[in-house]
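K.L.:
3D model of this:
(one chain, ligands or ions: 1)
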Amino acid sequence: MVLATGTELIEDVRKAPDDVLSMTEQSIEFLQPEYTLDLLNMDDSFQTDVIRSKLTRNIAVTFKEVREELIMAMDDFIPTCDGEIAEWVKVVIQETIERVICRATNCIFVDVRDCRDYDYQTLNSTFAVNVVKFGMIISLFPKPLKPIVSRMISNLPSQIQQEIGFIRPMVEERFAKMEEYGEDWDDKPNDMLMWLMSEAKGVERSFEGVARRLLLVNFAAISATSLTFTQMLYRLLANPKYVEPLRQEVDAVIREEGWTKAGIDKMHKIDSFLRETQRLDGLTLLIVSRIALRPFTFFNGVTVPAGTLVSIPANAIHTDERIHPNADEFDGFRFAKLRESEGNNMTSRHQAVSTSSELLAFGLGKHTCPGRFFAANEVKALFAHIVTTYDIKFEEGKGVPREHCIAGMRFPGKANFDVQDTAEVNSLWI
Ligand code: HEM
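P.N.:
A predicted model of the protein is given here:
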């Protein structure tokens with residue numbers, strides 16, 4: 001393995017075309033998609049374009065739906081008493097957040113009925129973990145044994161069938177409409193399922209094809225978003241001094257903008273809190289991992305042979321004192337202060353969705369996470385809702401749990417929090 005550090009080497013990795021440094025090849029080794037994802041056309045990744053274009057363009061339009069679902073989900077999973085009774089309720093953080101994120105995301109991926117279905121949530125949030133788990137096990141075996149091992153251990157084929165079962169009636173109805181009216185008709189749904197159905201070609205334009213793509217989008221979306229959110233909450237619970245200024249920011253922005261995407265975009269402190277959490281707790285220690293398909297020469301003349309795994313040590317860069325002064329210290333408003341000090345609030349450089357050789361939590365280059373605009377917006381909307389609606393603290397005598405590191409991926413440990421409606425809750429938040 002070769003690690004690229006420093007602006008020039010990282011630039012080399014960023015600029016390298018796919019047929020030289022390949023993300024696909026790295027994913028094949030890591031996830032064994034032939035045995036796990038079982039896509040009908042492995043060479044087609046149209047879901048990435050759908051996320052990059054349709055999902056991102058619809059963030060403002062779907063904001064209201066997503067926020068309402070976030071709030072309803074929080075109300076359902078956290079049965080507090082609308083500020084009437086100051087009683088603390090114990091909540092398992094990670095599982096609750098995963099369900100809330102899965103539900104709110106899927107209200108614009110499929111529909112309200114499915115996103116609220118407990119089994120649908122379980123399926124779409126466990127699929128990612130299973131793909132990684134079974135992919136890692138299957139990768140240990142020689143090629144001839146892979147299909148046998150996969151059949152023996154994996155429940156992914158049955159999860160895929162389950163997903164087909166969930167969406168089949170909807171897809172059937174929509175295909176019938178597409179047949180009758182073409183690409184446009186009254187009340188045509190504006191959701192991920194419809195975008196995928198419209199963009200799918202050949203074998204992918206089927207229940208089986210679309211269901212696998214929907215699982216794949218959920219695979220990319222739910223786990224990363226809910227783990228990141230969990231880390232943000234842990235940082236907040238460990239540093240309660242941030243609660244008041246965050247509340248004040250949300251309060252001021254909402255009075256001006258209301259609960260809209262434009263409002264969320266103006267919450268620079270929350271944006272900074274997300275970016276700072278990702279800087280220190282980023283989900284992978286190494287990022288932008290690629291396999292060299294042929295010899296690759298860096299700007300300094302060093303050549304790595306075909307087959308080399310090339311990667312960027314995100315964690316080391318994020319904690320490099322020369323790039324981020326007081327690098328080991330969590331400073332929730334670090335990036336908000338930088339935005340202010342540079343005198344231009346419109347500067348995008350320090351926003352959570354911005355990627356560079358200095359902060360790589362969403363990757364870099366051609367394959368930079370296409371879902372980051374949606375993810376950041378959702379995370380910030382939920383964070384703003386939580387800080388202004390609840391008082392939260394770790395359960396008595398407990399603090400931030402130890403994280404686990406498996407194959408270079410970081411997972412926050414499990415913890416409970418005690419939560420109650422904040423006494424300050426007022427009609428502004430309803
Ligand atoms: C906080 C949440 C998220 C984090 C931290 C995250 C992080 C990442 C990272 C590090 C990559 C790899 C980039 C590279 O290797 O260069 C990636 C790729 C990807 N992400 Fe995200 N992601 C998040 C949310 C989402 C969401 C919500 C979606 C979909 C709605 C999504 C869809 C994807 C897809 C499809 C790719 C592959 C892109 C490609 O193959 O070109 N992600 N993400």
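
K.L.:
Scan this protein for its longest helix.
P.N.:
helix 207-238 (DSSP state H).

K.L.:
Could you list the residues in contact with the next helix or strand after it?
P.N.:
As assigned by DSSP states H and E, the chain's next helix or strand after helix 207-238 is helix 243-257. Applying C-beta atoms under 8 Å, 6 or more residues apart in numbering, the contact partners of helix 243-257 are 236, 263, 266-270, 273, 333, 383-384, 387-388, 424, 428. No exception for glycine: its C-beta is placed from N, CA and C like everyone else's.

K.L.:
Take those and keep only those in helices.
P.N.:
Using DSSP H, the contacts of helix 243-257 in helices are Leu236, Gly263, His268, Lys269, Ile270, Phe273, Phe383, Ala384, Val387, Thr388.

K.L.:
who wins for neighbours among these?
P.N.:
Phe273 (31 neighbours; other C-beta atoms under 10 Å).

K.L.:
re the thing from before, tell me which other helices or strands the longest helix of the chain touches.
P.N.:
helix 46-50, helix 93-106, helix 118-139, helix 156-181, helix 192-199, helix 268-281, helix 372-389, strand 390-394 (3 or more C-beta pairs under 8 Å, 6 or more residues apart in numbering; DSSP states H and E).

K.L.:
now these as TSV including mean pLDDT?
P.N.:
Shown next, in TSV, are the helices and strands packed on helix 207-238 (pLDDT from 0 to 100):
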stretch	mean pLDDT
helix 46-50	97
helix 93-106	95
helix 118-139	94
helix 156-181	95
helix 192-199	97
helix 268-281	98
helix 372-389	97
strand 390-394	91
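
K.L.:
Arg67 is nearest to which of these?
P.N.:
With C-beta to C-beta as the criterion, Arg67 lies closest to helix 372-389 of these, at 5.3 Å.

K.L.:
what is the orientation angle of that closest one with helix 243-257?
P.N.:
Counting by axes from the mean of the first three to the mean of the last three C-alpha atoms, to 10 degrees, helix 372-389 lies at 110 degrees to helix 243-257.

K.L.:
Quick check on Ile287: phi, psi?
P.N.:
Ile287 adopts backbone torsions of phi -140, psi 170, taken as degrees, to the nearest 10.

K.L.:
Run a quick neighbour tally on it.
P.N.:
Neighbours of Ile287 (other C-beta under 10 Å): 21.

K.L.:
And the one 3 residues further on, by the same measure?
P.N.:
The number of residues packed near Arg290 is 25, by other C-beta under 10 Å.

K.L.:
Does it lie in a helix or a strand, and which?
P.N.:
Secondary structure assignment for Arg290, by DSSP H and E: strand 287-292.

K.L.:
ok, then the element right after that strand?
P.N.:
strand 296-297.

K.L.:
Could you give the average pLDDT over that following strand?
P.N.:
Over the span of strand 296-297, the pLDDT mean works out to 97.

K.L.:
so how far is that strand off the chain centroid?
P.N.:
32 Å (C-alpha atoms, centre = their mean, to the nearest Å).

K.L.:
same thing with stretch 286-293?
P.N.:
With C-alpha atoms, centre = their mean, you get 20 Å for stretch 286-293.

K.L.:
and if you look at stretch 305-321?
P.N.:
21 Å.

K.L.:
if we can go back for a sec, on contacts alone, who are the packing partners of the strand holding Arg290?
P.N.:
Using 3+ C-beta pairs under 8 Å, 6+ apart, strand 287-292 is in contact with helix 7-15, strand 21-22, helix 23-31, strand 309-312.

K.L.:
So what touches that strand?
P.N.:
With contacts defined as C-beta under 8 Å, 6+ apart, strand 287-292 is touched by 13-14, 16, 20-23, 25-26, 29-30, 304-312, 314, 360-361, 363-365, 367.

K.L.:
Restricting to those residues, which residues neighbour the ligand?
P.N.:
Met23, Ala361, Gly363, Leu364, His367 (C-beta under 6 Å from any ligand atom).

K.L.:
from the residues you listed, which would you call buried?
P.N.:
Met23, Ala361, Gly363, Leu364, His367 (16 or more other C-beta atoms under 10 Å).

K.L.:
Correct me if wrong: the third one contacts Gly371.
P.N.:
Just to be clear, that refers to Gly363. No. Applying C-beta atoms under 8 Å, one finds Gly363 not in contact with Gly371, separated by 10.9 Å.

K.L.:
Among the contacts of helix 243-257, which one lies nearest to Gly135?
P.N.:
Phe383 (31.1 Å).

K.L.:
and Leu31, what does it touch?
P.N.:
Leu37, Val131, Val132, Gly135.

K.L.:
An error on my part: the question was meant for Ala60.
P.N.:
Ala60 neighbours (C-beta under 8 Å, 6+ apart): Thr260, Lys261, Ala262.

K.L.:
Could you identify which of the contacts of Leu31 has the most neighbours?
P.N.:
Val131 (24 neighbours).

K.L.:
contacting residues for it?
P.N.:
By C-beta under 8 Å, 6+ apart, the neighbours of Val131 are Leu31, Thr36, Leu37, Leu156, Phe219.

K.L.:
From Ala352, how far off is it?
P.N.:
26 Å (C-beta to C-beta, to the nearest Å).

K.L.:
And Arg255, by the same measure?
P.N.:
23 Å.
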